[in-house]
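**Q** sequence? don't have it. structure:
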């Protein structure tokens with residue numbers, strides 16, 4: 001049995017922190033929010049409604065924060081993994097908070113990939129790194145917004161990451177419907193992001209007891 005190899009490379013560029021390691025890894029459960037086709041169960045306490053439908057396969061994002069809350073409010077970091085296997089990124093859609101560690105892994109036995117990351121709609125790479133079997137690429141995105149993920153070696157491999165600064169965030173379904181549960185009663189700042197228009201102007205909303213309905217289709 002060959003000894004375990006370990007390689008660590010760190011790169012810091014504006015709005016992103018990257019660390020590359022090569023070692024054995026164990027895949028955690030994904031648990032990542034993804035876009036779908038229908039909402040089967042509405043929350044008992046929270047928000048539901050309609051936003052613009054997905055554009056080019058990229059869903060809308062709905063963000064809520066308590067009115068007056070600092071954008072720098074501390075939250076417990078979540079750990080996310082995007083694996084490359086079977087010529088796909090899994091999960092294909094990932095919603096993370098600013099600074100959450102996102103680990104790219106390659107579960108192929110002998111097939112190399114790479115990870116090219118760009119701000120959504122941009123042509124400038126924020127990272128372009130190899131992702132060989134057994135390697136881990138750890139990324140912390142420090143700027144809110146959408147990011148395209150591409151494997152140049154296999155052009156059909158794509159993914160989308162959205163980084164939020166809000167306390168409550170959710171991908172809408174492909175038809176634009178959305179639901180956010182466990183949102184306490186209060187006044188909130190709501191912001192919508194769409195692939196077609198980017199961040200839209202924040203607005204104030206009141207969340208009452210039970211289920212609050214919001215229509216964002218005409219938001220602009």
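**A** Noted; the coordinates are in hand. Model, not experiment: these values are computed from the prediction.
**Q** wait, isn't residue 146 in contact with residue 196?
**A** No: when contacts are counted by Cβ atoms under 8 Å, residue 146 is not listed as touching residue 196 (11.6 Å). Heads up, the C-betas are built off the backbone N, CA and C, glycines and all.
**Q** Comparing the two, which shows the higher neighbour count?
**A** residue 146 (20 against 11; other Cβ atoms under 10 Å).
**Q** and the residue nearest to the more buried one when sequence neighbours are not counted, how many residues sit next to it?
**A** Once flanking residues are discounted, residue 146 sits nearest to residue 120: 3.3 Å by Cβ to Cβ, 6 or more residues apart in numbering. Residues lying near residue 120 (other Cβ under 10 Å) number 15.
**Q** OK, contacts around residue 120?
**A** 58, 145-148, 160, 195 (Cβ atoms under 8 Å, 6 or more residues apart in numbering).
**Q** Quick check, residue 119 in contact with residue 142.
**A** No: contact criterion Cβ under 8 Å: residue 119 and residue 142 do not qualify, at 11.9 Å.
**Q** of the two, who's got more company?
**A** Neighbour totals were compared for residue 119 and residue 142, and residue 119 leads with 18 against 12 (other Cβ under 10 Å).
**Q** Tell me where this protein has helices.
**A** Using DSSP state H, no helices are found in the chain.
**Q** any low-confidence regions in it?
**A** 1-43, 69-77, 218-220 (pLDDT under 70).
**Q** Select the longest strand from it.
**A** strand 186-194 (DSSP state E).
**Q** and the closest residue to residue 206 other than its chain neighbours, how many neighbours does it have?
**A** The spatial neighbour of residue 206 that comes closest, neighbours along the chain excluded (Cβ to Cβ, 6+ apart), is residue 187 at 5.8 Å. A count of nearby residues for residue 187, using other Cβ under 10 Å, gives 11.
**Q** and the gap between the most centrally placed residue in the chain and residue 178?
**A** In the chain, the C-alpha nearest the mean C-alpha coordinate belongs to residue 95, at 2.4 Å (Cα atoms, centre = their mean). Per Cβ to Cβ, to the nearest Å, residue 95 is found 12 Å from residue 178.
**Q** what is in contact with those two at once?
**A** Residues touching both residue 95 and residue 178 (Cβ under 8 Å, 6+ apart) are 170-171.
**Q** Residue 102 pairs with what?
**A** residue 80, residue 139 (DSSP bridges).
**Q** And for residue 147?
**A** Beta-bridge partners recorded for residue 147 (DSSP bridges): residue 119, residue 161.
**Q** so it makes contact with residue 121?
**A** No: between residue 147 and residue 121 there is no contact under Cβ under 8 Å: 10.2 Å.
**Q** Between those two, which has more neighbouring residues?
**A** Neighbour count, other Cβ under 10 Å: between residue 147 and residue 121, residue 147 has more, with 23 against 11.
**Q** residues contacting the more buried one?
**A** Residue 147 sits in contact with 117-120, 126, 141, 160-163, where contact means Cβ under 8 Å, 6+ apart.
**Q** again, only this time at 10 Å
**A** Shown in contact with residue 147 (Cβ atoms under 10 Å, 6 or more residues apart in numbering): 16, 94, 96, 102, 117-120, 122, 126-127, 139, 141, 159-163.
**Q** and if you look at residue 122?
**A** Residue 122 neighbours (Cβ under 10 Å, 6+ apart): 145-148.
**Q** Many thanks, we can stop here.
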